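Visitor: mind looking at a prediction? Sequence and model below.
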Amino acid sequence: MTITATSKIRLGILDAVPPEFYPPGEKTDPQKFIDMFTGIAARMSFATYEATQGHYPDSLDECDAYLITGSPCSVYDTYTWIKDMENFIRHVYAAGTPMVGICFGHQIIAQSLGGKVRLADNGWLLGLHPLQVHAEKDWMVGGASTPQLYFINQDQVVTLPPDVELLAGSDACPNAMYHVAGRLLSLQAHPEQPLSSMQAFTRILTDDYHIDPETAAQAHATMAAGEPDAGVFARWISAFLRAI
């Protein structure tokens, strides 16, 4: 497909959340992305793939671009589906098909292309946090130099892959956003998650994973103190994909 100023792109969303991890009543991550892009009237249609269940497109030509969601799993876990996803990422990247990674997606793309991911020295990054934009691109229209977004991760990209450009980061997450022109955009934060989900995830981490109560309290405080610049990042991603 030749993408024009009026045509829709077909975005393939790879769900990296095993089904058993979705809380009852919680929308799937692909649906949250669909809601996000639909909310800004991006020129997109959508296909979804349950990658943790071995569901992938039969051909890269099924979609014009691909997005990999977040996940409760770590990229260095030994699940077969993670290795399968790494192979898919390398296939997409070699073909030059545009690709977007969010949180786990951001990390597994880095790992697949030669970067390194591990537990962050400073532990969980949870709640609403600012980013410092280091380099502006023509598709980054209408945003502040220090936008803020929701984060929920304890792993981080500690070494970037070769040939990518770092676009944004912070003391808490130095390698938060990187890209390769026309081919790759990757973000550690979560523009797709609503406040209700972030609050629910923080409670689950507190109850089931025993994170430090002080960490949870600080996360809730940041979320109560401001709003994420989710619309800005939704427009940036859409503009990167030439869909707005």
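Guide: Yep, it's here. Residues are numbered from 1 along each chain as shown.
Visitor: and the longest helix along the chain, what does it pack onto?
Guide: Counting residues, the longest helix found in the chain (DSSP state H) is helix 80-95. The criterion is 3 or more CB pairs under 8 Å, 6 or more residues apart in numbering; DSSP states H and E, and the helices and strands that helix 80-95 contacts are strand 65-68, strand 99-102, helix 104-112. Bear in mind the C-beta positions are built from the backbone N, C-alpha and C, glycine included.
Visitor: make it 6 Å
Guide: Under the contact definition 3 or more CB pairs under 6 Å, 6 or more residues apart in numbering; DSSP states H and E, helix 80-95 sits against helix 104-112.
Visitor: mind saving the C-alpha coords of the stretch of helix or strand Ala168 belongs to as CSV?
Guide: Secondary structure from DSSP states H and E places Ala168 in strand 165-169. Provided in CSV are the C-alpha atoms of strand 165-169 (Å, rounded to 0.1, in the frame of the first residue of the first chain):
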residue,chain,number,x,y,z
GLU,A,165,18.6,7.8,18.0
LEU,A,166,17.6,8.7,21.6
LEU,A,167,14.8,11.2,21.6
ALA,A,168,13.8,11.5,25.3
GLY,A,169,14.6,10.3,28.7
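Visitor: mind listing what it pairs with, with the direction of each?
Guide: With DSSP bridges as the test, strand 165-169 is paired with strand 132-133 (antiparallel), strand 177-180 (antiparallel).
Visitor: redo those strands as a markdown table? Include distance to Pro30.
Guide: A markdown table is the format used below for the strands paired with strand 165-169 (distance: least, CB to CB, whole Å):
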| stretch | distance to Pro30 |
| --- | --- |
| strand 132-133 | 27 |
| strand 177-180 | 21 |
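Visitor: need the winner for burial among these.
Guide: Most buried of the strands paired with strand 165-169, by mean neighbour count (mean count of other CB atoms under 10 Å): strand 177-180, with a mean of 22.
Visitor: A helix includes Met24, no?
Guide: Just to correct that, residue 24 is Pro rather than Met. No: remark: Pro24 does not belong to a helix; assigned using DSSP: H, G, I helix; E, B strand; the rest coil, it is coil.
Visitor: state the number of residues packed around it.
Guide: Neighbour count of Pro24, defined by other CB atoms under 10 Å: 4.
Visitor: same deal with the one 10 residues further on?
Guide: Using other CB under 10 Å, the number of residues around Ile34 comes to 20.
Visitor: with Ala200 instead?
Guide: By other CB under 10 Å, 15 other residues sit near Ala200.
Visitor: SS state for it?
Guide: When classified by three-state DSSP, Ala200 comes out as helix.
Visitor: and the strands in the protein?
Guide: With strands called from DSSP state E, the chain shows them at 9-15, 44-50, 65-68, 99-102, 116-119, 125-130, 132-133, 148-153, 155-159, 165-169, 177-180, 184-187.
Visitor: need these in CSV (columns: mean pLDDT and distance to Asp208).
Guide: CSV is the format used below for the strands of the chain (pLDDT from 0 to 100; distance: least, CB to CB, whole Å):
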stretch, mean pLDDT, distance to Asp208
strand 9-15, 98, 21
strand 44-50, 98, 23
strand 65-68, 98, 25
strand 99-102, 98, 23
strand 116-119, 97, 18
strand 125-130, 97, 14
strand 132-133, 96, 33
strand 148-153, 97, 14
strand 155-159, 98, 18
strand 165-169, 97, 30
strand 177-180, 98, 29
strand 184-187, 98, 26
